[in-house]
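Undergrad: okay, sequence plus prediction incoming.
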Amino acid sequence: MVVNLLNNSSVPMPKSYLRRAVQCVFKELTKVHLNKNFKNSEMSLIFLDPPAAKKLNKQYRHKNYATDVLSFPAQQPFLGELIMCPQVLKLQAQEQKHSFRQETLYMVIHGILHLLGYEHEKDVKQANIMFALQEELFIKTLHKLNK
């Protein structure tokens, strides 16, 4: 799994931690998606400041605010891009009483699930499936990273 990281934000990002975290997430996902092998896959994580994140959110989702994560799926082997706003993640971390790293990981997992086709905005059943998997991946990945 290749993880491209581009930090165009003013907030320093823990790049090596994020690369390790994404690797752990995909190892766990291989257990869930037994028919998928992510070994030769690639994805990009792009971090933007609020004005740029707001512009993309308005352009693609018609929402006029900076958001935590935007997902842009692609075709294998390139899974797609996640656009993230660290300043929004920091606020959410405070609200959720997480560390910044934990909130970033939580939302990276959320974005990865969107790249894989999971959805939560149109169907309650699908939302429950997605959020349960997000929680499971978060707990397992945190456990592996803290070993």
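TA: Thanks, I have the structure now. Numbers count the residues shown, from 1 in each chain.
Undergrad: which residues does residue 15 contact?
TA: 5, 7 (CB atoms under 8 Å, 6 or more residues apart in numbering). (Each C-beta comes from the backbone N, C-alpha and C, glycine too.)
Undergrad: one more time with 10 Å, if that's ok
TA: 3, 5, 6, 7, 45, 47 (CB atoms under 10 Å, 6 or more residues apart in numbering).
Undergrad: and it, how close does it get to residue 42?
TA: Per CB to CB, to the nearest Å, residue 15 is found 16 Å from residue 42.
Undergrad: so which of the contacts of residue 15 sit within strands?
TA: Members of these lying in strands (criterion: DSSP state E): 3, 5, 6, 7, 45, 47.
Undergrad: can you tell me the number of residues neighbouring residue 44?
TA: 17 (other CB atoms under 10 Å).
Undergrad: likewise residue 56?
TA: Around residue 56 there are 17 residues (other CB under 10 Å).
Undergrad: what does the one 5 residues further on give?
TA: Under the neighbour criterion other CB under 10 Å, residue 61 is assigned a count of 11.
Undergrad: you'd agree it is up against residue 67?
TA: Yes: Residue 61 is within contact range of residue 67, at 7.6 Å (criterion: CB atoms under 10 Å).
Undergrad: buried ones in the lowest-mean-pLDDT helix or strand in the chain?
TA: Lowest on mean pLDDT, DSSP states H and E among the helices and strands of the chain sits helix 15-32, with a mean of 92. Buried residues in helix 15-32, counted by 16 or more other CB atoms under 10 Å: 18, 19, 21, 22, 24, 25, 26, 28, 29.
Undergrad: got any ranges where the chain has weak pLDDT?
TA: 33-35 (pLDDT under 70).
Undergrad: try 80 this time
TA: Scanning the chain for pLDDT under 80 picks out 32-37, 147.
Undergrad: what ranges does it have for its helices?
TA: 15-32, 50-61, 86-96, 100-115, 124-145 (DSSP state H).
Undergrad: got these as TSV, with distance to residue 74 columns?
TA: Compiled in TSV, those are given as follows (distance: least, CB to CB, whole Å):
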stretch	distance to residue 74
helix 15-32	16
helix 50-61	14
helix 86-96	23
helix 100-115	8
helix 124-145	19
